[in-house]
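> Mind folding the following:
(one chain, ligands or ions: 1)
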Amino acid sequence: MADYILGIESSCDDTSAAVLKDGLLMSNVIASQQVHKDFGGVVPELASRAHEQNIVPVVSQALDKAGIKPSDLSAIAFTRGPGLLGSLLVGTSFAKAMSVALDIPMVMVNHLQGHVLANFVREDGKEYDPPAFPYLCLLVSGGNSQIVRVDSPLDFEILGQTIDDAVGEAFDKCSKMMGLGYPGGPVIDRLAKLGNPDRFKFAKPNIPGLDYSFSGIKTSLLYFVRDELKKDPQFMEKNKEDICASFQKALIDILMKKLVKAAAQTGIREVTIGGGVSANSALREAVVREGKKRGWKTHLPEFKFTTDNAAMIAIAGWFRWKNGEKTPLDIAPVSRIADY
Ligand code: KG4
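Next up is the predicted model:
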């Protein structure tokens, strides 16, 4: 009999459910919340309410698309954290209710592990080329910027991480500051394609080891735009493509410098990226370019698996379940998880 795993993701503003059959993805349904657009960021209270509305139809659709009934499930994987507590509570409580009703185990998943393992999501008829162990993953999202060493699907080590803002936060906050909207990453990515990345220079951090910092470059952009607007109120409008291209280049240079250093220090040549910012076209190009130069084997996640999705939670849960893990019913979600 086949093993079916249901994955549930509700850590931020996407309600998602996915089904795996013996590790193969059968469905991956995502309800993205539009309610936050007018606020320039995710409003936690609204996110929780939207998850509560979405979770039943999203899970039903995922089961329907996979062509199975709830009673066919072998286990339920769910995101325990990190994320917004109210949002996580919806997915966690739903997983518990299903686990009790169906009398099947549930397996908690660290959301970040999902991103780091996204390349292991296997789809029918598509090339499957996951990284070999050990590999490095540059995990870049709205809440995290880390370089992770992965020795097995259950064995992760953070080699470096941001000491202040995440890189996605830098994209988002700076986009908001420039009046370009939210989320900032996709807008800056699009405008950057039309601009000159070498026109403006921004202060880059000097942080030891493999850690990152993105708060200084944010301030550097803020002062730069403020000073230029004093001289010419139309400055932003006239130069937004070049500003975005130059700012994006600076962020990617910062990310790549430490990734190159991590690969050199560890001698690891299997390299992946993950998280929302891994959708960035210039970052993807930079990783491939650097990889060719340095003899890395690079693995880029499909766009649909870069942002929050339950397929990556299901695959991370699948590995844990195969390892015999079961999560007790008195588990509580956590907004922060310091380690893996
Ligand atoms: O992983 P994710 O969906 O959510 C979490 O933070 O968990 O990542 C969202 C982040 C946002 O900061 C968004 O601006 C960024 O990913 N992002 C991008 C791009 N698409 C999404 N950043 C740069 N370029 C993109 N194309």
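> which residues touch residue 236?
Contact criterion CB atoms under 8 Å, 6 or more residues apart in numbering gives 178-179, 225, 228-229, 243 as the residues in contact with residue 236. For glycine as for every other residue, the C-beta is placed from the backbone atoms N, C-alpha and C.
> ok, residue 45 touching residue 86?
Yes. Between residue 45 and residue 86 there is a contact at 6.8 Å, judged by CB atoms under 8 Å.
> In terms of neighbours, single out the busier of those two.
Here residue 45 and residue 86 are set side by side on neighbour count (other CB atoms under 10 Å), and the busier one is residue 86, at 18 against 10.
> So this structure: which segments form each domain?
4-127+305-322, 135-304 (automatic domain parsing).
> tell me the most buried of those domains?
When you average the neighbours per residue for each of the domains of the chain (mean count of other CB atoms under 10 Å), domain 4-127+305-322 leads with a mean of 21.
> Which helix or strand lies directly C-terminal to the helix ranked longest in the chain?
If you go by DSSP state H, the chain has its longest helix at helix 235-266. Toward the C-terminal end, the helix or strand that comes next after helix 235-266 (DSSP states H and E) is strand 270-274.
> The spatially most central residue of the chain: what's it in contact with?
For the chain, the residue sitting closest to the mean C-alpha position, by CA atoms, centre = their mean, is residue 275 at 2.2 Å. For residue 275, the residues meeting the contact criterion (CB under 8 Å, 6+ apart) are 115, 139-141, 144, 168, 306.
> same check, this time on residue 101
Listed by CB under 8 Å, 6+ apart, the contact set of residue 101 reads residue 70.
> Quick check: residue 277 is in a helix.
Yes. Counting by DSSP: H, G, I helix; E, B strand; the rest coil, residue 277 is located in a helix.
> quick one: it and residue 142, what's the gap?
Per CB to CB, to the nearest Å, residue 277 is found 8 Å from residue 142.
> that older thread, farthest pair in the contacts of residue 236?
Greatest spatial distance among the contacts of residue 236 (CB to CB): 179 and 228, at 13.9 Å.
> Just the local confidence number for the residue nearest to the residue nearest to the centre of the chain when sequence neighbours are not counted, please.
Closest residue to residue 275 apart from its sequence neighbours, by CB to CB, 6 or more residues apart in numbering: residue 141 at 3.4 Å. Reported pLDDT at residue 141 in the predicted model: 94.
> check whether stretch 215-226 contacts the ligand.
No. Remark: stretch 215-226 sits outside contact range of the ligand, by CB under 6 Å from any ligand atom, the gap being at least 12.7 Å.
> And that stretch, how far out from the chain middle?
25 Å (CA atoms, centre = their mean, to the nearest Å).
> neighbouring contacts of it?
Contact partners of stretch 215-226, identified using CB under 8 Å, 6+ apart, comprise 164-165, 170, 173-174, 177-178, 200, 202-205, 235-236, 243, 247, 250-251, 254.
> what is the rounded mean pLDDT of it?
95.
> Please, where are all the strands along this protein?
Along the chain, the segments classed as strands by DSSP state E run 4-9, 14-21, 24-32, 75-81, 106-110, 122-123, 135-140, 145-152, 155-161, 270-274, 297-299.
> which ones among the contacts of residue 275 come in contact with the ligand?
For the ligand, the contacts drawn from the contacts of residue 275 by CB under 6 Å from any ligand atom are 141, 168.
> ok, which pair from the contacts of residue 275 is furthest apart?
Comparing all pairs in those by CB to CB, the longest separation belongs to 144 and 306, at 13.3 Å.
> Quick check: residues of the stretch 101-250 of the chain near the ligand?
Applying the criterion CB under 6 Å from any ligand atom, the portion of the stretch 101-250 of the chain that neighbours the ligand consists of 141-143, 168, 171-172, 183-186, 189.
> what's the closest of the domains of the chain to residue 331?
Among the domains of the chain, domain 4-127+305-322 comes nearest to residue 331, with 6.0 Å by CB to CB.
> Local confidence estimate at residue 42?
According to the per-residue confidence, residue 42 scores 86 in pLDDT.
> ok, now which ones touch it?
With contacts defined as CB under 8 Å, 6+ apart, the neighbours of residue 42 are 12-13, 33, 36, 84.
> same thing with residue 337?
Shown here is residue 337, whose contacts under the criterion CB under 8 Å, 6+ apart are 80-82, 110, 112.
> same question, residue 183
With contacts defined as CB under 8 Å, 6+ apart, residue 183 is in contact with 142, 168, 171-172, 175, 276.
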